[in-house]
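Student: My questions concern the predicted model and sequence given below.
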Number of protein chains: 2
Amino acid sequence: MDKKAPRRRTRIQTEKREVILEAALEVFSAQGFRGATIDQIAEAAGMSKPNLLYYFKRKEDIHRTLIERLLETWLAPLRELDDIGDPMTELRSYIRRKLEMARDFPRESRLFANEILQGAPRIMPLLEGELKSLVDEKVAVIRGWMRAGRIVRTDPYHLIFAIWATTQHYADFDVQVRAVLGPDRGGDGRFEDAARFLEQLFLEGLKPRG
Amino acid sequence: MDKKAPRRRTRIQTEKREVILEAALEVFSAQGFRGATIDQIAEAAGMSKPNLLYYFKRKEDIHRTLIERLLETWLAPLRELDDIGDPMTELRSYIRRKLEMARDFPRESRLFANEILQGAPRIMPLLEGELKSLVDEKVAVIRGWMRAGRIVRTDPYHLIFAIWATTQHYADFDVQVRAVLGPDRGGDGRFEDAARFLEQLFLEGLKPRG
DNA sequence: CAAATTTTTGACCGAATGGACAAACGTTAG
DNA sequence: CTAACGTTTGTCCATTCGGTCAAAAATTTG
């Protein structure tokens, strides 16, 4: 009747799990869940397959861990959208932060996109729970701004979707963006160009009209 | 020295290939290339696997055919963006058409998104060739409108990206959109809401300022 | 140091998968 | 009707893949 007390995590375990997650992010984000193989991840992590499976019993466990972690980082910018600040400033920094995440964490963005594209089989509850209630909360904030006449009246849900879509586009559709822009315009400057454009689009579009 | 003349396609061949492509679209768009199995496609097409392989020698052939076809339909709305019309009207109908495609052909959108997400291994040349030159052409048109002061000056490339991103979002991230909107707001009306929002966002944002 | 515990590995397994093939079955044109 | 051609299927194969296992190697603990 004595259940095994969940042994504490070793130093090596902590380190190796990190290495594996990093490798898995690389592979999953590029190949999707089914496209990725344990062998690929093990190779990228510099260890043998059975060794990897010693740290994560199943392929899905790695994926789940990765996605749960991701979601926190992912929603952080929206959490920071603050009631008390100036609407325009708040929205500007939200857009900026999201675009920076697309630039600095494209693999995370693609991992997420892959999961949603496949119908979110592994994170539906999170979308309907945590994500929905966070969005609802921020929608209320935005509605407040609209009622106060500080930004133009429009659909706050679709506003948020539009910000998500346009910013994440630069991570998820990166190859297409680069192919279209070509070698000259598609260089490192593309994120600054995008930032300028998106600020203009959203902020001019939302300015209250007299 | 006599090479086999490529035999003409039978009536049955024409029909069955169509059935297979329809089934494959369903499966590929939901599972991605590697996630989809020939068996699944065969089952969805109502035939045995060897039978399916009689019409398409390899899994990749089905996928390639599907994507090549898709690209034409996909770019049609952009092709119609016309120099001579009124800029606002032209852009409004472009946005409308793209959103209608997201609503009516979500599987095609997801098939495409999947391919790009994986790094576009099978269509890179098309992106750098046909797609890029079409975009370049339309960018010139938009630049013309800007020079004439008929719409506000901004980056035409990123404008096009933003239209792509926001409209396709409703197909590619459908499950997320629905989860966030909930059962009431997420019903059939979501596309009309999106249309209203996007028109306001883009058209107000682009109106020339006096 | 020695015992106990954790980590690593090679070998292996069953299921799934992409694909080949020849034989059987249908269809069509002369 | 029948020969030629097109279509369908059952069977089979090699490979890949997720995962197991026992034993060896390394590390930690007393």
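Tutor: Good, I have the coordinates.

Student: okay, now the domains of chain A?
Tutor: Under the assignment automatic domain parsing, the domains of chain A span A:9-57, A:68-206.

Student: mind putting the ones you listed in a markdown table, mean neighbour count and distance to B:Val175 included?
Tutor: (Glycine included, C-beta is placed from N, CA and C.) Putting the domains of chain A into a markdown table (neighbours: other Cβ atoms under 10 Å in any protein chain shown; distance: least, Cβ to Cβ, whole Å) gives the following:
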| stretch | mean neighbour count | distance to B:Val175 |
| --- | --- | --- |
| domain A:9-57 | 17 | 15 |
| domain A:68-206 | 18 | 5 |
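
Student: Using JSON lines, lay out those together with distance to DNA strand D.
Tutor: Below are these laid out as JSON lines (distance: least, Cβ to the nearest atom of the strand, whole Å):
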{"stretch": "domain A:9-57", "distance to DNA strand D": "4"}
{"stretch": "domain A:68-206", "distance to DNA strand D": "13"}
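
Student: need the ones you listed in JSON lines with distance to B:His169, can you?
Tutor: Shown next, in JSON lines, are the domains of chain A (distance: least, Cβ to Cβ, whole Å):
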{"stretch": "domain A:9-57", "distance to B:His169": "19"}
{"stretch": "domain A:68-206", "distance to B:His169": "4"}
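
Student: so can I have a markdown table of those showing mean pLDDT and distance to B:Ala179?
Tutor: Formatted as a markdown table, these follow (pLDDT from 0 to 100; distance: least, Cβ to Cβ, whole Å):
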| stretch | mean pLDDT | distance to B:Ala179 |
| --- | --- | --- |
| domain A:9-57 | 95 | 19 |
| domain A:68-206 | 95 | 4 |
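
Student: need those in a markdown table with distance to chain B, can you?
Tutor: Formatted as a markdown table, these follow (distance: least, Cβ to the nearest Cβ, whole Å):
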| stretch | distance to chain B |
| --- | --- |
| domain A:9-57 | 4 |
| domain A:68-206 | 4 |
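
Student: and A:Phe28, what does it touch?
Tutor: Contacts for A:Phe28 (Cβ atoms under 8 Å, 6 or more residues apart in numbering or on different chains) come out as A:36, A:41, A:62-63, A:66, A:111, A:114.

Student: just to revisit the earlier point, can you check which of the domains of chain A gets nearest to B:Asp184?
Tutor: domain A:68-206 (11.7 Å; Cβ to Cβ).

Student: So what would you say the end-to-end distance of the closest one is?
Tutor: 33 Å (Cα to Cα, to the nearest Å).

Student: Could you tell me which residues of chain A lie near DNA strand C?
Tutor: A:7, A:10-13, A:16, A:47-51, A:54 (Cβ under 7 Å from any atom of the strand).

Student: hmm, back to that, could you point out which of the domains of chain A sits nearest B:Leu126?
Tutor: It is, among these and with distance given as Cβ to Cβ, domain A:68-206, at 8.9 Å.

Student: Would you map the helices across chain A?
Tutor: Under the criterion DSSP state H, chain A contains helices at A:11-35, A:38-45, A:49-55, A:59-80, A:87-104, A:106-117, A:124-126, A:132-147, A:156-172, A:174-185, A:190-199, A:205-206.

Student: Now do the longest one and helix A:156-172, the angle between them.
Tutor: What it means is helix A:11-35. Inter-element angle recorded for helix A:11-35 and helix A:156-172: 100 degrees (by axes from the mean of the first three to the mean of the last three Cα atoms, to 10 degrees).

Student: okay, the angle between helix A:11-35 and helix B:106-117?
Tutor: Using the same axes, to 10 degrees: helix A:11-35 against helix B:106-117 is 130 degrees.

Student: Can you check what angle separates helix A:11-35 from helix A:38-45?
Tutor: Going by the same axes, to 10 degrees, helix A:11-35 makes 130 degrees with helix A:38-45.

Student: tell me how far helix A:11-35 is from the chain's mean position?
Tutor: Remark: helix A:11-35 is offset 17 Å from the chain centroid, using Cα atoms, centre = their mean, to the nearest Å.

Student: Was I right to think A:Pro106 contacts A:Phe173?
Tutor: No. Counting by Cβ atoms under 8 Å, A:Pro106 sits too far from A:Phe173 to count as a contact (10.3 Å).

Student: so what sits against both of these two?
Tutor: Contacts common to A:Pro106 and A:Phe173, judged by Cβ under 8 Å, 6+ apart, are absent.

Student: The helices of chain A into TSV, with extra columns for distance to B:Gly182?
Tutor: Output for these, formatted as TSV (distance: least, Cβ to Cβ, whole Å):
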stretch	distance to B:Gly182
helix A:11-35	27
helix A:38-45	36
helix A:49-55	39
helix A:59-80	17
helix A:87-104	22
helix A:106-117	17
helix A:124-126	13
helix A:132-147	7
helix A:156-172	10
helix A:174-185	32
helix A:190-199	27
helix A:205-206	24
